[in-house]
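Q: quick check, what structure comes out for this input:
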Amino acid sequence: MRPRDRRDARSCTAALRLAEDATAKAGGNDQPAWAGYFTPAHLAGTAIRCLRDLGRTKEALGYAGQALDLGEGSVRTRALHTALVASVYATGSSAEPEHAGQLGHDALDLAGRVRSRRVSDRITDLAGRLSAHRGNPMVDGFLRRARDYVSPAVGKVRQ
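A: This next block holds a predicted model:
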């Protein structure tokens with residue numbers, strides 16, 4: 001890892017710790033109205049993205065349960081987080097493409113219940129990550145469904 005990358009990783013993990021502390025302290029009447037939607041599950045999703053991008057997939061998966069701890073009405077966020085967790089399983093030297101593909105199917109099931117550009121983008125990102133694992137029946141099935149899900153306006157999933 002280059003020196004700048006190490007600094008970025010340290011800065012990122014320090015910022016995540018500060019955000020976790022602030023989220024733990026906030027709540028009830030102390031929380032500003034503009035932050036009302038931001039829950040521990042949202043913070044966990046942010047942590048997963050950051051840690052995945054730093055290549056720290058094991059740490060990222062440590063937040064998966066919290067990221068998916070959402071109310072029944074949070075279909076869009078659940079779709080986003082399910083696809084995000086799947087992207088972690090699709091990434092790195094310890095990738096688990098079968099599990100990533102299953103989570104991808106779950107994300108597509110949820111995505112069918114909402115209209116969201118971000119969900120489409122997240123599905124497209126997952127398909128790109130899983131394309132390296134073609135030949136696995138679960139992955140191939142996900143890639144076919146993802147291609148059918150992503151609209152031409154958003155862009156086609158490469159297959």
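Q: in the chain, which ranges drop under the pLDDT threshold?
A: 1-7, 26-37, 151-159 (pLDDT under 70).
Q: ok, which stretches of it are helices?
A: Taking DSSP state H, the helices of the chain run over residues 3-25, 40-53, 57-61, 64-67, 75-89, 97-111, 117-130, 137-149.
Q: any idea which of those helices is most buried?
A: Highest mean neighbour count among these (mean count of other Cβ atoms under 10 Å): helix 75-89, with a mean of 25. Every residue, glycine included, has its C-beta placed from N, CA and C.
Q: now that one and helix 137-149, what's the angle there?
A: In terms of direction (axes from the mean of the first three to the mean of the last three Cα atoms, to 10 degrees), helix 75-89 departs from helix 137-149 by 140 degrees.
Q: give me the distance from helix 75-89 to the chain's centre.
A: Centroid separation between helix 75-89 and its chain, computed with Cα atoms, centre = their mean, to the nearest Å, is 4 Å.
Q: tell me what that helix is packed against?
A: On a contact count with 3 or more Cβ pairs under 8 Å, 6 or more residues apart in numbering; DSSP states H and E, helix 75-89 meets helix 40-53, helix 57-61, helix 64-67, helix 97-111, helix 117-130.
Q: which residues touch the spatially most central residue of the chain?
A: Relative to the mean C-alpha position of the chain, the nearest C-alpha, by Cα atoms, centre = their mean, is the one of residue 84, at 1.6 Å. Residue 84 sits next to 45, 48-49, 52, 67, 122 when contact means Cβ atoms under 8 Å, 6 or more residues apart in numbering.
Q: got it, and residue 50?
A: Residue 50 makes contact with 12, 16, 60, according to Cβ under 8 Å, 6+ apart.
Q: same check on residue 138?
A: Contacts of residue 138 by Cβ under 8 Å, 6+ apart are 97-98, 101-102, 105.
Q: try it again at 6 Å.
A: 98, 101-102 (Cβ atoms under 6 Å, 6 or more residues apart in numbering).
Q: also residue 22?
A: Taking Cβ under 6 Å, 6+ apart, we find residue 22 in contact with no residue.
Q: can you lay out the contacts of residue 50 as TSV showing distance to residue 24?
A: Shown next, in TSV, are the contacts of residue 50 (distance: Cβ to Cβ, whole Å):
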residue	distance to residue 24
12	19
16	13
60	20
